[in-house]
Structures are given as structure tokens and as C-alpha cells.
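Asker: sharing a sequence plus its predicted fold:
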Amino acid sequence: MNDPNTQSGNLFAHGPSPSAGEDFEELLRLGQLRIERILSSDRPDSGLYDQEQDEWVCLLQGEATLWIAGNTLQLAAGDYRFIPAHTPHRVLRTSHAPPCLWLAVHLDPAVSAEQEVQSHPDHPNRPQK
């Protein structure tokens, strides 16, 4: 089947690790669902994340230390974690060799039917920019 709308690739095919922080590659966005591949340097950004969406993350390669809502967690290749929306978290440490490779699945909050209708350009109560 050669459907032009299907996407394929290899999660492990990537260039060199970034010198600092992380490289994010969006693999799929479909409705409220977003899937990313993340490649970490061994010098992660220590910023605190507090996201509006739920996140499920799996460490495919490497070792990492995460801080999630006051708890420090050690992860090895194959470990995964669900992080509910608005749960503060940060990456404390990532391995150098092999570099940390992650698969992250984000589920954006649902937009209510009322919000969707009100966002329509012809709706009388649409917020003005």
C-alpha cells in the first residue's frame, strides 16, 4: 500500500547530538495528538517544564535523571513515564554515550464545542485581537 499520507522513518537515524539542550523533531500531529523524537545533549536545559498537555515519554537510548514534582527518577533505555498536564518537571542529567533519545507523546487539552464555535470568525462573541 503506497498511501502518500502515511509517514515512515527510523527513530534511531539522526545526526550528531546537539552541543547543549535538546533537539525536537515532530513526527506526527493529528488532532490533539503530537508525537516527537527528542535527542538530548549531555548538557540538558535545566528549565522547569509545566505544560498544558499530558505527556508520555519513553527513553529509547541512554540514561537520564528526571525531577518530577519533587521526586528524582533514574531512567534507563526502555523506561517510560506518564507526566500529567501541569506537573512540574525537568531533566537533571543525560548520558553522553550513547546520547539520550526519547519518544514523547503529547495529548493536548480538548477544545470544547463552545470554544470551537466561539473561535469561528463569524461568531459575534469571538475575542478580538
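Answerer: Noted; the coordinates are in hand. The structure displayed is predicted, hence computed values, not measured ones.

Asker: quick one: the strands in the chain?
Answerer: Ranges of strands in the chain, per DSSP state E, are 22-30, 33-40, 54-61, 63-68, 71-76, 80-83, 89-94, 101-107.

Asker: between those strands, which gets nearest to Gly47?
Answerer: strand 89-94 (6.5 Å; CB to CB). Quick note: C-beta positions are derived from backbone N, CA and C, even for glycine.

Asker: TSV please, covering the strands of the chain and showing mean pLDDT.
Answerer: As requested, the strands of the chain are exported to TSV (pLDDT from 0 to 100):
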stretch	mean pLDDT
strand 22-30	94
strand 33-40	96
strand 54-61	97
strand 63-68	97
strand 71-76	98
strand 80-83	97
strand 89-94	96
strand 101-107	97
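
Asker: closest one to His14 among those?
Answerer: Comparing those by CB to CB, strand 33-40 comes nearest, at 5.5 Å.

Asker: could you dump the strands of the chain to JSON lines with mean neighbour count and distance to His14?
Answerer: What follows is the strands of the chain, written out as JSON lines (neighbours: other CB atoms under 10 Å; distance: least, CB to CB, whole Å):
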{"stretch": "strand 22-30", "mean neighbour count": "12", "distance to His14": "8"}
{"stretch": "strand 33-40", "mean neighbour count": "18", "distance to His14": "6"}
{"stretch": "strand 54-61", "mean neighbour count": "18", "distance to His14": "10"}
{"stretch": "strand 63-68", "mean neighbour count": "17", "distance to His14": "17"}
{"stretch": "strand 71-76", "mean neighbour count": "12", "distance to His14": "19"}
{"stretch": "strand 80-83", "mean neighbour count": "14", "distance to His14": "20"}
{"stretch": "strand 89-94", "mean neighbour count": "19", "distance to His14": "15"}
{"stretch": "strand 101-107", "mean neighbour count": "18", "distance to His14": "7"}
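
Asker: need these in TSV (columns: distance to Phe12).
Answerer: Output for the strands of the chain, formatted as TSV (distance: least, CB to CB, whole Å):
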stretch	distance to Phe12
strand 22-30	12
strand 33-40	9
strand 54-61	7
strand 63-68	16
strand 71-76	17
strand 80-83	17
strand 89-94	17
strand 101-107	7
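
Asker: OK, contacts around the residue positioned nearest the centre of the chain?
Answerer: By CA atoms, centre = their mean, the chain has its centre lying nearest to Ala104, at 4.2 Å. By CB atoms under 8 Å, 6 or more residues apart in numbering, the contact set of Ala104 is Ile35, Glu36, Arg37, Ile38, Glu55, Trp56, Val57, Cys58.
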